[in-house]
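S.K.: model the structure of this input:
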Amino acid sequence: MNNNVYHNKRVLITGHTGFKGSWIALWLKRLGASVYGYSLAPPTLPSNYTLSNVRDVLKGETIGDIRDRRLMREVVNSFCPDVIFHLAAQPLVRASYDLPYDTFEVNVLGTASVLDAVRESRRPCAVICITTDKCYENCEQVWGYRECDAMGGYDPYSASKGAAEILVASYRRSFFSPFEFNKHGVQLATVRAGNVIGGGDWACDRIVTDMVKALAGGDPVSVRNPHAIRPWQHVLEPLSGYLRLGAAMLEKPDVKWSCAWNFGPVSGTEISVGELADAFVKAWGSGSWEDQSATNQLHEASILRLNIDKAVSQLCWQPRWNCSEMVDRTAKWYKGVLCEGLDARNACENDIQEYGDALV
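M.R.: Residues are numbered from 1 along each chain as shown. As a prediction, this is how the structure comes out:
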């Protein structure tokens, strides 16, 4: 695959002030893309967007709500993106219990706002909508979910992402049929990643964020679901998959790209929350964690795995960093930035460089 495929391409990122959005903006800039951001203001204080001065790598940005259809249309029509990475969302399971209506509105109608702007622009474009591994109807099965498995969701967040997947499929069938690509020029895919960790995430109720805050303050880490198994990944792993898919769409437009894709760890390498906590404390060099599981907690799935055979075989994508590397690099990022005065932008760019710019 041509590693310069993003050079001078116009790339729109929704949610560029968020955790994943800030990282992919920095990576796309390294690949020579002209990047425009559309998002609310940074959702946390601090934020990787601010600490890494992501604004400096952008051609421009609009601070706005993706539910604002007029503003969304204006941005798409004025910037004329070659590629859109739609990451803007309400991304937290536990917050969705407090804000169910907002979660559904942002994650479902917000996605419709983006796709409708593309539909009305009548311009060729590659659109990659980021959802989640939690979009599947979780049956607590021990094998990984495949892209063809049923959508579902117990909590409002998971259900909203399952609904977003159905919405995207409807737009693809109704307006952007892969079999009529020559008429509309739009390729539309969804991507489903595992639980991501990495430097710069300060969202509430995320295990690594909680651990960093506790360990930096010399306190024990409270872990609410130590036995839950998740497909953990460093943030650069799924981002490399998103970028590879987008590159394939740009380089060799084909109906086969317009579908759903899973990006997760190698099967059999998933670990529990408790094992992640053990590894992070060890990588940090001090501290401990406590089991705070209780019977009256909000529902969260016990087992979640992804099958990545499709991405491996059709995109020639595969994960690069194992669990140990993932945890060590994340701990090093936070400790360097918080305790040793390391510049956050440099920390991100070092990780991107070491992960490798080549989309292989």
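
S.K.: show me the contact partners of stretch 326-339.
M.R.: 51, 197-200, 208, 212, 216, 232-234, 237, 276, 279-280, 283-285, 321, 342-344, 347-348, 351 (C-beta atoms under 8 Å, 6 or more residues apart in numbering). C-beta coordinates here come from the backbone N, C-alpha and C atoms, glycine included.

S.K.: of those, keep whichever come out buried.
M.R.: Taking 16 or more other C-beta atoms under 10 Å as the criterion, what is buried in these is 51, 197-200, 208, 212, 232-234, 237, 276, 279-280, 283-284, 321, 342, 344, 347-348, 351.

S.K.: pull the strand or helix carrying V168 out as CSV, backbone CA atoms only.
M.R.: Here V168, judged by DSSP states H and E, is contained in helix 156-174. Extracted C-alpha coordinates of helix 156-174, given in CSV (Å, rounded to 0.1, in the frame of the first residue of the first chain):
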residue,chain,number,x,y,z
PRO,A,156,-27.7,3.1,26.7
TYR,A,157,-24.1,3.7,25.3
SER,A,158,-23.8,0.2,23.8
ALA,A,159,-27.4,0.3,22.5
SER,A,160,-26.8,3.7,20.9
LYS,A,161,-23.7,2.4,19.1
GLY,A,162,-25.6,-0.6,17.9
ALA,A,163,-28.3,1.8,16.6
ALA,A,164,-25.7,3.9,15.0
GLU,A,165,-24.4,0.8,13.1
ILE,A,166,-27.9,0.1,11.9
LEU,A,167,-28.3,3.8,10.8
VAL,A,168,-25.1,3.7,8.8
ALA,A,169,-26.2,0.4,7.1
SER,A,170,-29.4,2.1,6.2
TYR,A,171,-27.6,5.1,4.7
ARG,A,172,-25.3,2.8,2.8
ARG,A,173,-28.2,0.8,1.3
SER,A,174,-30.5,3.8,0.6
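
S.K.: I figured L306 hits G264, correct?
M.R.: Yes - using C-beta atoms under 8 Å, L306 is in contact with G264, at 3.4 Å.

S.K.: so these two - more neighbours on which side?
M.R.: Taking other C-beta atoms under 10 Å, L306 and G264 do not tie; G264 has more neighbours (28 against 24).

S.K.: phi first, then psi, for that one.
M.R.: phi -150, psi -170 (degrees, to the nearest 10).

S.K.: and it, what is it in contact with?
M.R.: By C-beta under 8 Å, 6+ apart, the residues touching G264 are 133, 144, 193-194, 231, 233, 238, 305-308, 319.

S.K.: tally up the residues packed near R173, please.
M.R.: 12.

S.K.: same question for V255.
M.R.: Using other C-beta under 10 Å, the number of residues around V255 comes to 12.

S.K.: leaving out sequence neighbours, find the closest residue to it.
M.R.: Once flanking residues are discounted, V255 sits nearest to P178: 3.5 Å by C-beta to C-beta, 6 or more residues apart in numbering.

S.K.: next, count neighbours for the one you found.
M.R.: By other C-beta under 10 Å, 18 other residues sit near P178.

S.K.: ditto for N53
M.R.: 13.

S.K.: swap in the one 10 residues further on?
M.R.: Neighbourhood size, I63 [other C-beta under 10 Å]: 11.

S.K.: that older thread, next step: the contacts of stretch 326-339 restricted to strands.
M.R.: If you go by DSSP state E, those have 197, 233-234 in strands.

S.K.: now pLDDT too, for the residues you listed, in a markdown table please.
M.R.: Shown next, in a markdown table, are these (pLDDT from 0 to 100):
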| residue | pLDDT |
| --- | --- |
| I197 | 96 |
| Q233 | 96 |
| H234 | 97 |
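
S.K.: nearest to I63, of those residues?
M.R.: I63 lies nearest to I197 out of these, by C-beta to C-beta, at 26.8 Å.

S.K.: skipping adjacent residues, who's closest to the closest one in space?
M.R.: Distances taken as C-beta to C-beta, 6+ apart place V208 nearest to I197, at 4.6 Å, with adjacent residues excluded.

S.K.: I figured that neighbour hits G200, correct?
M.R.: No - counting by C-beta under 8 Å, V208 does not reach G200; the two are 10.4 Å apart.

S.K.: which residues do those two both contact?
M.R.: Counting by C-beta under 8 Å, 6+ apart, nothing touches both V208 and G200.

S.K.: what secondary structure does the residue nearest to D343 when sequence neighbours are not counted sit in?
M.R.: Nearest residue to D343 in three dimensions, chain neighbours excluded: V337, at 7.7 Å (C-beta to C-beta, 6+ apart). Using DSSP: H, G, I helix; E, B strand; the rest coil, the structure places V337 in helix.

S.K.: so, low pLDDT: which residues of the chain?
M.R.: 1-3, 294-301, 357-360 (pLDDT under 70).

S.K.: quick one, helices of it?
M.R.: Assigned by DSSP state H, the chain shows helices spanning 19-30, 48-51, 69-79, 93-98, 100-104, 110-121, 156-174, 181-184, 207-216, 236-251, 273-284, 309-314, 323-339, 344-355.

S.K.: next, format those as TSV and append distance to G60.
M.R.: Output for these, formatted as TSV (distance: least, C-beta to C-beta, whole Å):
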stretch	distance to G60
helix 19-30	12
helix 48-51	15
helix 69-79	8
helix 93-98	29
helix 100-104	27
helix 110-121	16
helix 156-174	26
helix 181-184	26
helix 207-216	30
helix 236-251	20
helix 273-284	37
helix 309-314	32
helix 323-339	27
helix 344-355	19
